[in-house]
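*Asks:* The following comprises the amino acid sequence and a computationally predicted model.
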Amino acid sequence: MNKGVCTEFTADRKGINIMHSESSDKKPEPHDFIFDSVFDTESVQEDVYDIAAKPIVDCVLEGFNGTILAYGQTSSGKTHTMQGDIDSEEHMGIIPRMVRYVFDRIESASQNMEFTITVSMIEIYMEKIKDLFDPSQDNLKIHEDKQKGIFIPGVTERSVGDEEEVYDFIKIGNANRAIGVTDMNAQSSRSHSIFIMTIQMNDLENYSCKVGKLFLVDLAGSEKISKTGAQGLTLDEAKMINKSLTMLGRVIYSLTEGASHIPYRDSKLTRILQESLGGNSKTCLIITCSPSVFNSDETLSTCRFGMRAKHIKNKAKVNKQMTVAELQLVIQKLEHQVSLRTQRVLLLEKIIIELGGTLPTEEDVHQNIKAMEKERKQKEVEEAAAAYEENEVEVGRPTRTQRDIMYEKEKQQNVELQKEKEEQIINVEQLLTQLKNERANVRNKESKLDSMKKDLAEKTSKLKKMERANAKLVSTSADLKIENSNMKLLIEKLEGENKQLNESLQQLAEELADSNELSKELKDKIEVQQNTFEETLKKKEERYEEKLDSEMKKVSERDALIKDLCFHSAVPAHLKQKNYREHSGCQL
């Protein structure tokens, strides 16, 4: 054994030896385990699928329920085993290989077979069920039905037509899954994920229908807080993970010990996996272990878990559903049988009447049997007395022994006749009871057929509604495409006009800038001219006023001179001495 490694594998790849010490001061002791198959570190993904998963998938394609669980310590390779790298041929896990195999089987199936495949994907995070195809549904409930079994109402189911569609949905689900970082794993799953594939197989030749459901479960790993270093929310997640795994261990323990109560309801995980653990399912448990001595405690615990789970006994059966066409064939067959039985009953009734018997009603059968028994005994007594009288001879009565012999002989004949009549009555009663049961079965099947017809009508109605909605969506999509095209053309046109407008605005802005500069220059020139004009006008007004004052002064002086001349030349001398100047005038 290599240093630092605690595991060894047997040559037949069915056994594993774990060297484990309870404490550091004790010598490691070997612990041997035998499983159906063991994969060492050199095994490849294809080997794991072919040996562990493929037989389960084959059973699902025959109409059984199937479950594949991956259980183990955190960072031990569960998600790698279940999913791996979808895009890598070498490293893809069980789920993508299963998807490819299913569609390959469908391609090679008979032309009389019709397949319908739906997929869904959920996770159990902090004891709440979340739909990974619709993350808004994060608190789904679990229900149970006699026909459906355990199911989750409201979970999103996607119909798929090829493996690429399934891969796309798986990628969507993985993107919505809760993951975190711990000291042991950079991408640690913080929830249990369950991928569910439902395959419905209809035989168009004999109208039979089988449904296989496959659960692929990637459990979150058990954690030791001291190793993962979980804190805060990661610590709370680890507590819930360990709690649900503990509940899983209790269920397995109760199943293997034959307990009267199995605690399926103590955890969402065990409730969903109720059929997978001791119920109607073919189940494969894959335990993943670390070979490192550092993780020997967890490796030993995981192997013990696997050994206990091996003792669980499931009761798988084919999930066969009666189609409408198949029910019609059964009804026709039963109607033919009922017709034959009815003819037989009528014939037996006729025989009974001919034999002198009566046909009691079903309610009076037991009373009539008692009455007939009483009548038989009384008749025996009467017949015995009559025989005694008839056998008397003239010579005298027969001896006691002769009377006894005759009496016993007639009594035996009467008993045999009565026994034969009773057997015929019992046979008729059995036939009537059988006929009644068959008629009840026919009524039940007719009721189921009516229910299935109603269900088929509802589904057909829903399908038509979906088709109409789809057609409407297609029409709306075409209208939207046309409108989108028109909008693109309009946008291009508006962008062109906007570009031209921007260029015009830029040109106008430039012209406005030039105009503003020119206007400023003109304004300055006008202001200068106006100032010059005002100054010139003011000067001219001043010169005009000065000239006007000068002229007015000259006119005044001339007027005064003229007046003086007129006064001296026209006024007599004797009047010159008087001051008449303001009353006189002079004309030239």
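*Replies:* That came through, no problem.
*Asks:* Show me what residue 15 bridges to in the sheet.
*Replies:* With DSSP bridges applied, residue 15 shows beta-bridge pairing to residue 34.
*Asks:* What are the boundaries of the strands in the stretch 251-400 of the chain?
*Replies:* Counting by DSSP state E, counting those that start in this stretch, the stretch 251-400 of the chain has these strands, from start to end: 282-288, 320-322.
*Asks:* same question for the one helix or strand residue 522 maps to, mean pLDDT?
*Replies:* When elements are defined using DSSP states H and E, residue 522 is found to belong to helix 400-570. Averaged across helix 400-570, pLDDT comes to 72.
*Asks:* elements contacting it?
*Replies:* Based on contacts counted as 3 or more Cβ pairs under 8 Å, 6 or more residues apart in numbering; DSSP states H and E, the elements that helix 400-570 packs against are helix 324-354, helix 365-390. Every residue, glycine included, has its C-beta placed from N, CA and C.
*Asks:* that older thread, any idea which of the strands of the stretch 251-400 of the chain has the lowest pLDDT on average?
*Replies:* Lowest mean pLDDT within the strands of the stretch 251-400 of the chain: strand 320-322, a mean of 75.
*Asks:* what about residue 472, neighbour count?
*Replies:* Here the number of neighbours of residue 472 (other Cβ atoms under 10 Å) works out to 10.
*Asks:* can you put the helices and strands packed on helix 400-570 in TSV and add distance to residue 42 and mean pLDDT?
*Replies:* Supplementary listing: the helices and strands packed on helix 400-570 in TSV, determined by distance: least, Cβ to Cβ, whole Å; pLDDT from 0 to 100:
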stretch	distance to residue 42	mean pLDDT
helix 324-354	50	78
helix 365-390	76	68
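*Asks:* Of all those, which one is nearest residue 145?
*Replies:* The closest of the helices and strands packed on helix 400-570 to residue 145 is helix 324-354. By Cβ to Cβ, the value is 20.1 Å.
*Asks:* List the buried residues in that closest one.
*Replies:* Neighbour counts using 16 or more other Cβ atoms under 10 Å place 326, 327, 330, 334, 341, 345, 348, 352 of helix 324-354 among the buried residues.
*Asks:* Tell me, how many residues neighbour residue 60?
*Replies:* Residue 60 is surrounded by 27 other residues when neighbours are defined as other Cβ under 10 Å.
*Asks:* how about it, what does it touch?
*Replies:* With contacts taken as Cβ atoms under 8 Å, 6 or more residues apart in numbering, residue 60 has the following neighbours: 66, 197, 199, 212, 213, 214, 282.
*Asks:* Can I take it that the fourth one is in a strand?
*Replies:* Yes. With DSSP: H, G, I helix; E, B strand; the rest coil as the criterion, residue 212 is part of a strand.
*Asks:* Now for it: which residues touch it?
*Replies:* Shown in contact with residue 212 (Cβ under 8 Å, 6+ apart): 59, 60, 61, 62, 63, 64, 65, 66, 198, 199, 201, 319.
*Asks:* Quick one, which of these are buried?
*Replies:* Neighbour counting over the contacts of residue 212 (16+ other Cβ under 10 Å) leaves 59, 60, 61, 63, 64, 65, 66, 198, 199, 201, 319 as the buried ones.
*Asks:* Looking at the helices and strands packed on helix 400-570, which is nearest to residue 97?
*Replies:* Nearest to residue 97 among those is helix 324-354; the distance by Cβ to Cβ comes to 33.6 Å.
*Asks:* Just list what that closest one packs against, helices and strands only.
*Replies:* With 3+ Cβ pairs under 8 Å, 6+ apart as the test, helix 324-354 has helix 400-570 packed against it.
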